[in-house]
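*Asks:* below are the sequence and a predicted model; questions follow.
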Amino acid sequence: MHRQTGVTLVELLVVLAIIGIVVGIGVPAWSTIARTNHLAAITNRLVGAIHLARAEAIRSGRRVTLCASRDGATCTTEGYQVGWIVFRDLDGDTRKDLLEPVLARGAADHTVVIQGNRPVARMISYTPMGVPKTATGAFQAGTLYLCADGDGRRIVLSRSGRLRVETARCGEGASG
């Protein structure tokens, strides 16, 4: 007698149902992971740019400033999600002038909203001592809030110039 091998229609339908359940559970979880990783990547790029500004100020003995920049050449008052630049602030006024060299650029990412409270909303500027100060010499400390699809991060800048990154809820802070 010749024995037949294969699967029955019932077995095939059971396997397809199991695959459907696994995909139905896995796809939403995967999109959450992707969204969280994207927010972490943007946060890390901005933290890296701030660290670069501080390190370069100490290394060069000159003020270095990070500011939001839409065109990669001048500062803007918009949020950092339009992009940012790090530049050597030769005259110490915390505004990008024509002859001041750009040290780094951060690309725009409109999927993440980045806002800062008043001290850091427009720029972050480090003195040669590695301390953040405004052009008038006032200490600069504050918080940047990053938000994407309900997930949030907070970058806290201390008076000493050190950073701390925390998980946050979207909608927290960024005022005053």
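*Replies:* Cool, the structure landed. Quantities reported herein were computed from a predicted structural model and do not represent experimental measurements.
*Asks:* how about the residue nearest the centre of the chain: what's its closest non-neighbour residue?
*Replies:* Nearest to the mean C-alpha position of the chain, counting by CA atoms, centre = their mean, stands Thr43 at 2.8 Å. Excluding the flanking residues, the one nearest Thr43 by CB to CB, 6 or more residues apart in numbering is Arg153, at 4.6 Å. Heads up, the C-betas are built off the backbone N, CA and C, glycines and all.
*Asks:* burial measure for the one you found, as a count.
*Replies:* Using other CB atoms under 10 Å as the criterion, Arg153 is surrounded by 24 other residues.
*Asks:* again with the one 4 residues further on
*Replies:* Leu157 sits with 22 neighbouring residues when counted by other CB under 10 Å.
*Asks:* now do it, the pLDDT please.
*Replies:* We have a pLDDT of 97 for Leu157.
*Asks:* kindly report the same for the one 5 residues further on.
*Replies:* Predicted confidence (pLDDT) at Arg162: the value is 94.
*Asks:* for it, what are phi and psi?
*Replies:* Main-chain dihedrals, Arg162, degrees, to the nearest 10: phi -80, psi 150.
*Asks:* where do the strands sit along this structure?
*Replies:* In order along the chain, the chain carries the following strands (DSSP state E): 64-68, 84-88, 102-106, 113-116, 123-126, 142-148, 151-157, 163-169.
*Asks:* would you map the helices across the chain?
*Replies:* With DSSP state H, the ranges of helices along the chain come out as 9-60.
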